[in-house]
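Asks: I would like to see how this sequence folds:
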Amino acid sequence: MDQRNYIVSEVNKRSGSVFDPAIVKVFNTVSKSDSFWNDIKYKSFDSLLNKNLSELKLIEYNYENLKQISIIFSRIVDFRSHYTAAHSIGVGIVSKKLAEISNLIKKDCQSLEIAGYLHDIGKVAINSKILDKKGSLSNSEYEHVKEHVYFTNLFLLEIKSFSEIALLASAHHERHDGNGYPYHYKNNDFTKK
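Replies: Coordinates of the predicted model:
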């Protein structure tokens, strides 16, 4: 992540000589996404997930069971750091309430609640020394913390029927102006997914 600006610059310098300009144009588009760089950095991580989560793919669930499991996971994640105790529980409750106030259908309200409980599950892949650091984070530490969203998506996509929840949970740092992360969704980009 620390070298991505350099890499993008070097690829663009070689456009037309080493690299086809059409390919460079596509590269410039996809390289804006943090997840592009995380895929490169963690490409072997997928095999680890498949090995450890293969049984979880077979579990049938209903909303109440899923809610209870999600709450357990949220507590595990939140208790890793004294800064976040009960954070994910609050996000899950508030997400469902906002969805209800917005008159979303029941299934969407439930999906947002579950996504709220699980939105920070990717923090288990982040160094706890960085999560608990007192004072300001260095640029590389901050970039590492931002990767938790990528891991949230990666973890949740390993569960059968979780693509919607994975998308919702991994969009919690996006902003309407496109300056969020990891996908840099802008305005209505998210609703098109």
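Asks: mind checking pLDDT for the residue nearest in space to the middle of the chain?
Replies: With distances taken as Cα atoms, centre = their mean, residue 149 lies nearest the centre of the chain, 2.5 Å away. As predicted, residue 149 sits at a pLDDT of 93.
Asks: so it is in contact with residue 172, correct?
Replies: Yes: Residue 149 lies in contact with residue 172 (Cβ atoms under 8 Å); the separation is 6.9 Å. Every C-beta, even on glycine, is put in place using the N, C-alpha and C of the backbone.
Asks: quick one, longest helix in this protein?
Replies: helix 139-157 (DSSP state H).
Asks: report the distance from it to the chain centre.
Replies: The chain centroid and the centroid of helix 139-157 are separated by 6 Å under Cα atoms, centre = their mean, to the nearest Å.
Asks: what comes into contact with it?
Replies: Here helix 139-157 makes contact (Cβ atoms under 8 Å, 6 or more residues apart in numbering) with 1-2, 34-35, 38, 42, 45-46, 49, 53, 118-127, 130-131, 133, 137, 162-163, 165-167, 169-170, 172-173, 181-182.
Asks: C-alpha coordinates for the helix or strand harbouring residue 111, CSV please?
Replies: Secondary structure from DSSP states H and E places residue 111 in helix 106-118. The C-alpha coordinates for helix 106-118 follow below in CSV (Å, rounded to 0.1, in the frame of the first residue of the first chain):
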residue,chain,number,x,y,z
LYS,A,106,-38.2,-6.4,6.8
LYS,A,107,-35.5,-8.5,5.1
ASP,A,108,-33.5,-5.4,4.3
CYS,A,109,-33.8,-4.2,7.9
GLN,A,110,-32.5,-7.5,9.1
SER,A,111,-29.7,-7.6,6.6
LEU,A,112,-28.6,-4.1,7.7
GLU,A,113,-28.7,-5.2,11.3
ILE,A,114,-26.5,-8.2,10.7
ALA,A,115,-24.1,-6.2,8.6
GLY,A,116,-23.9,-3.7,11.4
TYR,A,117,-23.0,-6.4,13.9
LEU,A,118,-20.3,-7.8,11.5
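Asks: what mean pLDDT does the following helix or strand past it have?
Replies: Next in sequence after helix 106-118, counting helices and strands by DSSP H and E, comes helix 128-131. The average pLDDT for helix 128-131 rounds to 85.
Asks: and helix 128-131, what's buried?
Replies: residue 131 (16 or more other Cβ atoms under 10 Å).
Asks: helices or strands up against it?
Replies: With contacts defined as 3 or more Cβ pairs under 8 Å, 6 or more residues apart in numbering; DSSP states H and E, the packing partners of helix 128-131 are helix 139-157.
Asks: sorry, back to before: what's the helix holding residue 111 in contact with?
Replies: Under Cβ under 8 Å, 6+ apart, the answer for helix 106-118 is 63, 66-67, 70-71, 73-74, 88-89, 91-96, 98-100, 104, 152, 156, 164-165, 168-169.
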